[in-house]
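[1] Pasting the sequence and the predicted model now:
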Amino acid sequence: MENKKYDILSLTLEDVEKIVVELGEPKFRAKQIFGWINKGMWGAEMRNIPLALQKKLEDVCEFRLPTVKRRLVSKLDGTVKYLFELIDGEYIESVFMKYEHGNTLCISSQVGCRMGCKFCASTLLGRVRDLEPSEMLGQIIAAQKDTGERISNVVMMGIGEPLDNYDNTISFLKLVSNENGLNIGLRHISVSTCGLVEKIDRLSGEGLPITLSVSLHAYDNEVRSGIMPVNNKYPIEKLLDSCNRYFQKTGRRISFEYTLIAGKNDTQEGACRLAAILKKYIHGTCHVNLIPLNEVEETRLESSKNVNGFKNKLISLGINATVRRRLGSDINASCGQLRRQEKKEDK
Ligand code: SAH
C-alpha cells in the first residue's frame, strides 16, 4: 500500500526542512520550496530546484490548489466571488474585494457550518468537514494567481466557524504570516467567531496580533438565542466577559459584528441596550460593525430600514460604529449562497 503523502502546503518551514534533509538534500532548499508553493508553483515550475529533487518531493508530498469552479465579477465595484472546488469535490467560497487600504480576501474555514445561525446561508446544510491549513492558504494563493494582484488583508468571514476548526486556523495564521511565504501581517487579518468562549480564551494566549471580530447581533439573550443557537451554550454575559478578558490580555480592540434584521434587533431602544451592555462588560474601547442583512431566500428574514438610525444612536451614546460597505451586491456576494446554489443544481 502506498504511504499517505504529506500535504506540503500545510507544513511549517521547519517541517519542510526536515523532509528536505531526509531526502538527502541541503537544508537551504526548504526555504526556496516554501516560497514557491506559497506562490502556487510546484514541480517544474520551481525553477531553481534541481529536477531530481522536484521528483523526490512529488513522491512524498502532494500539492493541490483549490480550482475555480465559478467566478462572478461585480460590475459595480470589481468584487470577485469565487466558488472553489476542493480535492474531494466539495465546494467553498471566497470573496476578493478592493478597498483603499488594499485588496482583501474573505476566506472560508470549513465546508459548511454547524452553528445554525438563522440568517446565514452557510449553515443550511450543516458542516461537512474542516478545511486544512493548506486549503485556507490555497484560497489566497489561487485568488492572487487568478486576479494577478497581491492580497494584503484577509478576513475569516466566509463559510464556517474558524474557532470550531481551531488547530488548523492557528496553523494557517502562523503560515500565512511567515515572511518566506505569503507574508501577510497578522495585524491585517481578522478572525470572526460566533462566540465560542473557551476558544476565545485560548486564542488570547496564542500571541497572535490578529483582529478578533465577534458576531454579536443582539442586545439580550432572548433576541440572540432566537437567531443564534450558540447563545444557549454561551450566553451574552459569558461571551462579553471573555471578550473583555481578550482585550485586557492582548490590548487588541474587539470588533463586534451586528447584522440588522427588520423587527428582530434593529430598534432605537435596541441600540441603547446594545450600548449599555458593551459599556458594562467591555472595559476599554470596542467597535461595532453594522451589517445590513443579506437576504437569504430560505430564511425569510428581511433587511432593516433603520441602519443609519441605529448607527447614529450608538455613536451618540459614545460607541464607535460604522456600517459595512456592501460590495458585490449584484453578485450575491454574501457567503454560503453560491455553494448552496451549486449543491442544489448538482442534485
Ligand atoms: N462563523 C463566523 C464567521 C463566518 S460569518 C462568525 O459567525 O462570525 C461572517 C459574518 O457574516 C458573521 O458576522 C455572520 O453572522 C454574518 N452573516 C452571516 N449571514 C449573513 C447574512 N445573510 N447577512 C449579513 N450577515 C451575515
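    Arrived safely. Numbers count the residues shown, from 1 in each chain.

[2] pLDDT below threshold where in this structure?
    1-2, 333-335, 345-347 (pLDDT under 70).

[3] Tell me where it has helices.
    13-22, 28-37, 51-60, 133-147, 166-176, 197-204, 221-227, 230-233, 236-250, 268-281, 307-316, 337-346 (DSSP state H).

[4] Out of these, which is the most enclosed?
    helix 133-147 (a mean of 23; mean count of other Cβ atoms under 10 Å). C-betas here are computed from N, CA, C, even on glycine.

[5] That one - contacts with which helices or strands?
    Judged by 3 or more Cβ pairs under 8 Å, 6 or more residues apart in numbering; DSSP states H and E, the packing partners of helix 133-147 are strand 67-73, strand 80-85, strand 91-99, strand 102-106, helix 166-176.

[6] Next, format those as JSON lines and append distance to Trp42.
    What follows is the helices and strands packed on helix 133-147, written out as JSON lines (distance: least, Cβ to Cβ, whole Å):
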{"stretch": "strand 67-73", "distance to Trp42": "14"}
{"stretch": "strand 80-85", "distance to Trp42": "17"}
{"stretch": "strand 91-99", "distance to Trp42": "20"}
{"stretch": "strand 102-106", "distance to Trp42": "21"}
{"stretch": "helix 166-176", "distance to Trp42": "16"}
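
[7] circling back to that earlier point, tabulate the helices of the chain (TSV), appending distance to Ile159.
    Output for the helices of the chain, formatted as TSV (distance: least, Cβ to Cβ, whole Å):
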stretch	distance to Ile159
helix 13-22	27
helix 28-37	24
helix 51-60	31
helix 133-147	11
helix 166-176	13
helix 197-204	18
helix 221-227	18
helix 230-233	16
helix 236-250	22
helix 268-281	27
helix 307-316	25
helix 337-346	6
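
[8] so what's Ser108 up against?
    Counting by Cβ atoms under 8 Å, 6 or more residues apart in numbering, Ser108 touches 92-94, 131, 136, 139, 158-160, 335.

[9] Could you dump those into a markdown table with distance to the ligand added?
    Formatted as a markdown table, these follow (distance: Cβ to the nearest ligand atom, whole Å):
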| residue | distance to the ligand |
| --- | --- |
| Ile92 | 12 |
| Glu93 | 11 |
| Ser94 | 12 |
| Leu131 | 13 |
| Met136 | 13 |
| Gln139 | 14 |
| Gly158 | 6 |
| Ile159 | 7 |
| Gly160 | 6 |
| Cys335 | 6 |
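
[10] So which residue is dead centre in the chain?
    In the chain, the residue lying closest to the centroid (Cα atoms, centre = their mean) is Met156, at 1.2 Å.

[11] what residues does the chain put near the ligand?
    Within reach of the ligand by Cβ under 6 Å from any ligand atom, the chain has these residues: 117, 119-120, 157, 161, 192-194, 215, 257, 259, 291, 293-294, 296, 334.

[12] which among the contacts of Ser108 gets closest to Asn183?
    Nearest to Asn183 among the contacts of Ser108 is Met136, at 15.5 Å by Cβ to Cβ.

[13] Tell me the spacing between the residue nearest to the closest one when sequence neighbours are not counted and Asp164.
    For Met136, ignoring the flanking residues on the chain, the nearest one in space by Cβ to Cβ, 6 or more residues apart in numbering is Phe172 at 4.3 Å. Distance of Phe172 to Asp164, given as Cβ to Cβ, to the nearest Å: 14 Å.

[14] next one: Gly284
    Gly284 is 27 Å from Asp164, by Cβ to Cβ.

[15] Which members of the residues of the chain next to the ligand are the farthest-apart pair?
    Thr193 and Val296 (20.2 Å).

[16] what about these two, which has more around it?
    With neighbours defined as other Cβ atoms under 10 Å, Thr193 and Val296 compare such that Thr193 has more, 24 against 19.

[17] got a list of what that one touches?
    Thr193 is in contact with 161-163, 199-200, 212-215, counting by Cβ under 8 Å, 6+ apart.

[18] ok, what's across the strand from it?
    Val214 (DSSP bridges).

[19] Compare neighbour counts for Gly284 and Asp164 and give me the winner.
    The residue with more neighbours, out of Gly284 and Asp164, is Asp164; 19 against 12, by other Cβ under 10 Å.

[20] Quickly note the distance from Gln54 to Leu23.
    With Cβ to Cβ as the criterion, Gln54 and Leu23 are 11 Å apart.

[21] One more: Arg47?
    Taken as Cβ to Cβ, the span from Arg47 to Leu23 is 19 Å.

[22] What of Asp201?
    41 Å.

[23] Tell me which residues touch Ile227, please.
    With Cβ under 8 Å, 6+ apart, Ile227 has these contacts: 117-119, 217-218, 261, 264-265.

[24] For it, give its distance to Phe256.
    Distance from Ile227 to Phe256, by Cβ to Cβ: 15 Å.

[25] Check Leu274 too.
    9 Å.

[26] what do you get for Ile184?
    For Ile184, the distance to Phe256 - Cβ to Cβ - is 24 Å.

[27] Fine, thanks again, bye for now.
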